[in-house]
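Chemist: starting from these lines, generate the structure:
(chains A, B, C, D, E and F)
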Number of protein chains: 4
Amino acid sequence: MNQAVQGREGVELAPNRYREILEIAARMICEKGYEGASIQQIAQACGLTKAGLYYHIQSKEHLLVEIMHYGMDLFEERVLSQVESIPDPLERLRTAMAKNVLMVTSDRTKEITIILHEHATLTGDELDRINTRKKRYVRFLERSFSEAIATGQIRRVDPKVATFAFLGAVNWIYKWFQPDGHISEEQLVRGMQDVFFGGLEPRSSAKPEGS
Amino acid sequence: MNQAVQGREGVELAPNRYREILEIAARMICEKGYEGASIQQIAQACGLTKAGLYYHIQSKEHLLVEIMHYGMDLFEERVLSQVESIPDPLERLRTAMAKNVLMVTSDRTKEITIILHEHATLTGDELDRINTRKKRYVRFLERSFSEAIATGQIRRVDPKVATFAFLGAVNWIYKWFQPDGHISEEQLVRGMQDVFFGGLEPRSSAKPEGS
Amino acid sequence: MNQAVQGREGVELAPNRYREILEIAARMICEKGYEGASIQQIAQACGLTKAGLYYHIQSKEHLLVEIMHYGMDLFEERVLSQVESIPDPLERLRTAMAKNVLMVTSDRTKEITIILHEHATLTGDELDRINTRKKRYVRFLERSFSEAIATGQIRRVDPKVATFAFLGAVNWIYKWFQPDGHISEEQLVRGMQDVFFGGLEPRSSAKPEGS
Amino acid sequence: MNQAVQGREGVELAPNRYREILEIAARMICEKGYEGASIQQIAQACGLTKAGLYYHIQSKEHLLVEIMHYGMDLFEERVLSQVESIPDPLERLRTAMAKNVLMVTSDRTKEITIILHEHATLTGDELDRINTRKKRYVRFLERSFSEAIATGQIRRVDPKVATFAFLGAVNWIYKWFQPDGHISEEQLVRGMQDVFFGGLEPRSSAKPEGS
DNA sequence: TATGAATGAGGGTTCATTCAT
DNA sequence: TATGAATGAACCCTCATTCAT
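Modeler: Below you'll find the model as predicted:
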């Protein structure tokens, strides 16, 4: 489902062209929303006519599904699978946050990531499939928070609330962060880590405040 | 356009119907997004025909503007103005978070609050006006974080990043929180406060962990 | 039909108010065309709401009928009946032209007169009734041209063609004439008379050209 | 917008369909007026659905603009450019009148010619552009009248008034002329020429009346 | 007399989608 | 692979009109 690059059944496309379409479409949908971005505009941005675009995609809805799965592929490849095996739970969370933040700020991945959280357009099975993939990350975070509490690395907080606070803070970034503004990506990552894991450390491990 | 109550300017004769329309429309727009919610659907939800709805509103875009200003009115009334005068910065932030969370979970206000963050729909002056009002809250939070750091009540974190982490975490709530789920509103408020202000307290002031 | 001033059956209105409405409506319809002028705009121009206007009129179409008959009343009163009894056919035509031109340039009557020649909105009986009234003027002109030819006052031209040339020239005036432009009303009347009745005079009666 | 032939700018690949649409639309607009003719009706008359028509046109207003420019193209091609170079001013005017009359009576061109005088619909630049083209003809007529007066071929009349009398008489034709009525096209042309240039001739040059 | 509130029909326009070529 | 031409459905919005008050 999520690796076979295919516009329609049986037709094997040059995967690059298809991915390019997904990324361009993602950019448009990200800018204007799913309903706000028309097939006409997407096609034009791809240098195609509407009918030409339809050679590559099955439908607008399916296009969204594909973008979302592509986004999840990217996310799992660059975030989840990079951090899952980190043994120390606190370090695991800090690294996940860093990589997750970069997904939302980095140029090629940000649009695709943002769309993952677009208002519900999908329904039924497709929605379920995407949500199942998303939940894997949620569970991973919850588990990691629980572990970090168990090891005493962070204070006792509700792991579920902490998880969604984490997700909210990170996914909200695109609404205010300006790539060339006062805050750099590094500062952003550091800042977020500070707020969450500076803060969640047990009292004695905070860096000496005055020094 | 041709009725007595036009948003915040009009005579206060029968504002109930208009407010009701704003709230119903907010609910639909919140569910489906601005582009996804059709005037037809909004009208139907109001028990009106399209033309009947248009007796009350000027245009779909103006409707959004009105909802947003109504949302800001509610927000300023129930959050900002309730906490601005709290002298202690940490208590001020904790209270702001509590009241803000309740706006997002409470039935009548949640959609209206959320729509405030519909983006890329408004343009020009209207966008500016709304953004100016939003910025007041952002500045208030930034200022409060800075003060709380200055007083040593919370650790040194970037106030801007902290502010947006706060906003992201709180506004994200509507995506996952279920009013009759495992977590109660009180637990949610507590949890969020814990994550942010348990966590942001300087090392020595953390409540004894075991007790 | 055309003198009883009545908005709807049996209701006797202050005729002034009703006439005022007809004149205001005529002005709007003249400016924007029948389809282009909305009941809303007409009502507003009358200082009424839509529903208020409907107390006075039966329907938009009937309003047009009334305006047209009012226009025909005015026209017959100020043009036809003033000239019909002039014995000399050439003087009769010259005077008709003068009075007709003034109807099209004069402030209170121009809109009403112009509408008389609006693109066909009316159909059936109503159209027939108006056309019957219009035809009276056409016949009058044709007859007068024929007489003037018979008396030798003007050269032999097709009376029907001359009549419609006359009507076209006069009714076209509103498309180009500016009340405060280079040409005065008097010059306009003189000019039109010159073109038609200077020109149509038999060769020997033209004023000595060189003097 | 997305077809090859866009008015007078596009490639000349298959302009027939487009021109056909312009002509059909012109017929409808001429019959019912611009506001009175709906896109739905125009589309149907073209054998298309509304959306199908919109593949060919940009908007209703632009359609009108295109019709008008097409009309001006035809007019300049068949009238202005055919007579401009005629040296004798009186013959020039008589020929212009003949050709102009035929534009208004001839089946394929009449509606397009008439619409040129739809007023109060266009605004701004487009209106200016059309008016500039129209003025060329008006100036041509004025100049020709002046010349004919100067050469003594016609009596002294105000050239501007004469011009608009000419235009009014000619453009009014479509309101009354019936192609298969009592008057033939040739009689019409002759009649109009007689009224204007029989009539405007100086007294001595009139053809012997009795012969 | 007049109005506030409402409506069904229709306005122009754009949508995602199809299909012969 | 791609397109030109087309479509039905839906879009936002305005229309003339009505009716209880």
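
Chemist: which strands or helices does the lengthiest helix in chain A pack on?
Modeler: Using DSSP state H to define each element, chain A has its longest helix at helix A:124-150. The contact analysis (3 or more CB pairs under 8 Å, 6 or more residues apart in numbering or on different chains; DSSP states H and E) places helix A:124-150 against helix A:60-75, helix A:89-105, helix A:159-172. No exception for glycine: its C-beta is placed from N, CA and C like everyone else's.

Chemist: what lies in contact with whatever helix or strand comes next after the first one?
Modeler: Per DSSP states H and E, helix A:60-75 leads on to helix A:81-83 as the next helix or strand towards the C-terminus. Helix A:81-83 is contacted from outside by A:92, A:95-96, A:99, using CB atoms under 8 Å, 6 or more residues apart in numbering or on different chains.

Chemist: so where's chain A shaky on pLDDT?
Modeler: Low-confidence segments of chain A (pLDDT under 70): A:1-14, A:199-211.

Chemist: quick check: residues of it near chain D?
Modeler: Contact residues (CB under 8 Å from any CB of the partner chain) of chain A with chain D: A:Thr49.

Chemist: try it again with 10 Å
Modeler: A:40, A:44, A:49-50 (CB under 10 Å from any CB of the partner chain).

Chemist: which of the contacts of helix A:81-83 sits closest to DNA strand F?
Modeler: A:Lys99 (34.0 Å; CB to the nearest atom of the strand).

Chemist: please work out which of the helices and strands packed on helix A:124-150 is packed deepest.
Modeler: The highest mean neighbour count among the helices and strands packed on helix A:124-150, using mean count of other CB atoms under 10 Å in any protein chain shown, belongs to helix A:159-172: a mean of 24.

Chemist: that helix relative to helix A:124-150, how many degrees between them?
Modeler: Between helix A:159-172 and helix A:124-150, the angle comes out at 120 degrees (axes from the mean of the first three to the mean of the last three CA atoms, to 10 degrees).

Chemist: the next helix or strand after helix A:159-172 and chain B, are they touching?
Modeler: Scanning forward in sequence from helix A:159-172 by DSSP H and E, the next helix or strand is helix A:185-193. Yes: remark: helix A:185-193 sits within contact range of chain B at A:187-193, by CB under 10 Å from any CB.

Chemist: just give me how far helix A:185-193 sits from the chain centre.
Modeler: On the basis of CA atoms, centre = their mean, to the nearest Å, the separation between the geometric centre of helix A:185-193 and that of its chain is 17 Å.

Chemist: got the angle for that helix vs helix A:159-172?
Modeler: Using the same axes, to 10 degrees, helix A:185-193 lies at 160 degrees relative to helix A:159-172.

Chemist: what lies in contact with helix A:185-193?
Modeler: With CB atoms under 10 Å, 6 or more residues apart in numbering or on different chains as the test, helix A:185-193 has contacts from A:93-95, A:97-102, A:104-106, A:166, A:169-170, A:173, A:177, A:179, A:181, A:183-184, A:198-199, B:157-162, B:164-165, B:168.

Chemist: recalculate using a threshold of 8 Å.
Modeler: The contact list for helix A:185-193 (CB under 8 Å, 6+ apart) reads A:94, A:97-98, A:101-102, A:105, A:169-170, A:173, A:177, A:179, A:183, B:157-158, B:160-162, B:165.

Chemist: so which of those reach DNA strand F?
Modeler: Among the contacts of helix A:185-193, not one lies near DNA strand F by CB under 7 Å from any atom of the strand.

Chemist: what is the burial count for A:Gln187?
Modeler: By other CB atoms under 10 Å in any protein chain shown, the residues close to A:Gln187 number 13.

Chemist: could you do A:Phe145 as well?
Modeler: Counted with other CB under 10 Å, A:Phe145 comes out at 25.

Chemist: check A:Phe177 too.
Modeler: A:Phe177 has 17 nearby residues by other CB under 10 Å.

Chemist: hmm, A:Thr105 and it touching each other?
Modeler: Yes: using CB atoms under 8 Å as the test, A:Phe177 is close enough to A:Thr105 to be in contact (6.1 Å).

Chemist: skip the chain neighbours and tell me the closest residue to A:Leu53.
Modeler: Excluding the flanking residues, the one nearest A:Leu53 by CB to CB, 6 or more residues apart in numbering or on different chains is A:Ala43, at 3.9 Å.

Chemist: distance of the one you found from DNA strand E?
Modeler: Distance of A:Ala43 to DNA strand E, given as CB to the nearest atom of the strand, to the nearest Å: 8 Å.

Chemist: give me the element that residue is part of.
Modeler: Here A:Ala43 is assigned to helix A:39-45, by DSSP H and E.

Chemist: please name every helix or strand in contact with that helix.
Modeler: Contacts defined by 3+ CB pairs under 8 Å, 6+ apart place helix A:39-45 against helix A:15-32, helix A:50-56.

Chemist: how far is that helix from where the chain is centred?
Modeler: 24 Å.
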